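Undergrad: below are the sequence and a predicted model for it; my questions follow.
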Amino acid sequence: MRKLIQAFSVIVIVSVLLMFWVSKLNSSEGYTSGNTLTVFNWGDYIDEELIDKFEEETGIKVIYETFDSNESMLTKIQQGGTSYDVAVPSEYMIEKMKSEDLLLPLDHSKLPNLKHIDPRFLDLSFDPGNQYSIPYFWGTVGIVYNPELLGDIELKGWNDLWNPALKNEILMVDGAREVIGIGLNSLHYSLNDTNNDHLLEAKAKLDTLTPNLKAIVGDEIKLLMANEEAAIGVVWSGDAADIMWENDKLDYVVPEEGSNLWFDNMVIPKTAKNIEGAHQFINFMLDPENAAQNTDYVSYSTPNQAALQLLDEEVVNDERFYPPEELTEKLEVYEDLGKEMLAYYNELYLKFKMHRN
Ligand code: N2P
């Protein structure tokens with residue numbers, strides 16, 4: 001019996017020691033395992049030094065993951081494998097997530113830095129009163145081009161992309177709404193068109209662009225354009241700003257037929273585990289100094305008017321990236337077209353991509 005008690009005591013002591021050791025491992029660098037925050041953002045969309053700064057200031061450990069489209073972000077959130085505490089979807093996706101009851105109403109009393117956002121970017125139709133979403137970056141979709149590689153071609157609009165002299169010269173952003181949107185806009189249809197004849201016409205027109213298409217690419221489009229691997233890139237405006245920072249021969253134009261005006265906002269998914277930390281993170285990103293540092297790093301346009309004061313004047317006065325309201329009024333914001341129509345846009349886009357191969 002004594003031996004049994006001794007053996008039992010040894011097992012208890014070893015287990016206690018093991019538990020202690022495991023808990024130590026979990027709380028690496030002094031973070032307790034419960035104090036983490038999972039942030040889900042677009043690729044290349046934050047200055048990672050800010051994540052370190054947030055961790056130091058709050059003691060919260062950030063787990064940072066990235067996505068490359070609104071659609072893939074939504075799928076991950078719907079699957080629920082990971083509980084994301086903060087995500088950064090675009091406006092039409094926010095509308096959709098709201099309608100699917102995937103978002104948590106925000107507590108504005110925990111977001112005092114919201115006062116720094118330019119009212120022009122608040123209370124927009126996709127989220128009246130900013131009940132669920134807080135502005136992060138905004139911009140347009142347009143064409144970044146290398147005049148030296150274009151010869152005498154003058155680039156003004158989407159329809160110029162079909163010029164036969166541009167064979168194999170176009171790199172394109174990998175986004176269903178963006179690419180179908182080029183087809184629609186080039187035919188002077190709305191970016192939110194749901195008329196099947198128009199959509200099929202846009203897809204057929206896009207198919208004829210194939211000879212000029214070099215590739216459809218993700219974030220690497222920036223490196224390829226800056227390295228002059230192609231004459232033309234269809235990009236989000238912030239990527240153009242970044243490319244032009246690397247290579248100042250290039251220029252950016254918002255096509256004359258019209259284009260997309262987009263807003264990426266921070267949200268808290270309903271499945272979030274660290275709601276308090278999520279508010280802290282959003283408020284931290286709204287701080288003018290942090291927002292300015294982030295803008296400086298990623299090159300996208302900030303909606304934070306206090307941050308604008310801290311940025312290089314040349315950057316914030318550049319109407320290619322900070323277009324005035326008279327210009328943005330002429331652009332279109334994507335709307336949530338409903339589950340079936342969004343799936344149809346994706347299907348047309350996939351068919352277009354397959355047609356290329
Ligand atoms: C950043 C992508 C920005 C997405 N790499 C524009 N909605």
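TA: That came in fine, so what should we check first? Residues are numbered from 1 along each chain as shown.
Undergrad: only C-alpha atoms from now on, for both contacts and neighbour counts.
TA: Noted.
Undergrad: leaving out the residues flanking it, which one is nearest to Pro269?
TA: Spatially, and ignoring its direct neighbours in sequence, Pro269 is nearest to Leu103 (4.4 Å; Cα to Cα, 6 or more residues apart in numbering).
Undergrad: looking at it, that neighbour is touching Tyr132, isn't it?
TA: Yes. If you go by Cα atoms under 8 Å, Leu103 and Tyr132 touch, sitting 6.6 Å apart.
Undergrad: tell me which parts of the protein are close to the ligand?
TA: Residues of the chain lying close to the ligand (Cα under 6 Å from any ligand atom) are Trp42, Gly43, Asp44, Tyr45, Ser90, Asp219, Trp236, Asp264.
Undergrad: let's go with 8 Å and repeat that
TA: Applying Cα under 8 Å from any ligand atom, one finds that the chain approaches the ligand through 42-45, 68-69, 89-90, 138-139, 219, 236, 238-239, 262-264.
Undergrad: among those, which ones are buried?
TA: 42, 45, 69, 89-90, 138-139, 236, 238-239, 262-264 (16 or more other Cα atoms under 10 Å).
Undergrad: looking at those residues, which is nearest Ala226?
TA: Closest approach between these and Ala226, by Cα to Cα: Asp239, at 10.5 Å.
Undergrad: tell me the pLDDT of the residue nearest to Pro269.
TA: The model reports Leu103 with a pLDDT of 98.
Undergrad: cool, the one 10 residues further on as well?
TA: Reported pLDDT at Asn113 in the predicted model: 98.
Undergrad: tell me the contacts of it?
TA: Going by Cα atoms under 8 Å, 6 or more residues apart in numbering, Asn113 touches Asn283, Phe284, Leu286, Asp287.
Undergrad: a helix runs through it, doesn't it?
TA: Yes. Counting by DSSP: H, G, I helix; E, B strand; the rest coil, Asn113 is part of a helix.
Undergrad: all helices of the stretch 251-357 of the chain, in order?
TA: 275-286, 288-298, 305-308, 313-316, 325-328, 339-356 (DSSP state H, counting those that start in this stretch).
Undergrad: out of those helices, which is closest to Asn185?
TA: Nearest to Asn185, of all the helices of the stretch 251-357 of the chain, is helix 339-356, at 14.4 Å by Cα to Cα.
Undergrad: which parts of that closest one are buried?
TA: Those buried within helix 339-356 under the rule 16+ other Cα under 10 Å are Met341, Leu342, Tyr345, Asn346, Leu348, Tyr349, Phe352, Lys353.
Undergrad: burial check on the closest residue to Asn146 other than its chain neighbours, number of neighbours?
TA: By the measure of Cα to Cα, 6+ apart, the closest residue to Asn146 outside its immediate chain neighbours is Leu250, 4.6 Å from it. The tally of other residues near Leu250 (other Cα atoms under 10 Å) stands at 22.
Undergrad: any idea how far the closest residue to Asp107 other than its chain neighbours is from Asp239?
TA: In this structure, Asp107 finds its nearest non-sequential neighbour in His279, 7.7 Å apart by Cα to Cα, 6+ apart. Applying Cα to Cα, to the nearest Å, the value for His279 to Asp239 is 28 Å.
Undergrad: same thing with Glu100?
TA: 31 Å.
Undergrad: which pLDDT value goes with Phe54?
TA: At Phe54, pLDDT is 98.
Undergrad: I'd say it and Asn283 touch.
TA: No. In this structure, Phe54 is not within contact of Asn283 by Cα under 8 Å, at 10.6 Å.
Undergrad: how about low-confidence regions in this protein?
TA: Residues of the chain meeting the criterion pLDDT under 70: 1-34, 357.
Undergrad: please enumerate the strands of it.
TA: 36-42, 61-67, 86-87, 134-145, 170-173, 213-217, 232-236, 251-253, 261-266 (DSSP state E).
Undergrad: can you put those strands in CSV and add distance to Arg320?
TA: Below are these laid out as CSV (distance: least, Cα to Cα, whole Å):
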stretch, distance to Arg320
strand 36-42, 22
strand 61-67, 26
strand 86-87, 27
strand 134-145, 9
strand 170-173, 18
strand 213-217, 23
strand 232-236, 12
strand 251-253, 7
strand 261-266, 13
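Undergrad: adding distance to His116, write the helices of the stretch 251-357 of the chain out as CSV.
TA: CSV is the format used below for the helices of the stretch 251-357 of the chain (distance: least, Cα to Cα, whole Å):
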stretch, distance to His116
helix 275-286, 7
helix 288-298, 7
helix 305-308, 5
helix 313-316, 16
helix 325-328, 19
helix 339-356, 34
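Undergrad: now do the contacts for Met93.
TA: Asn70, Leu74, Asp336.
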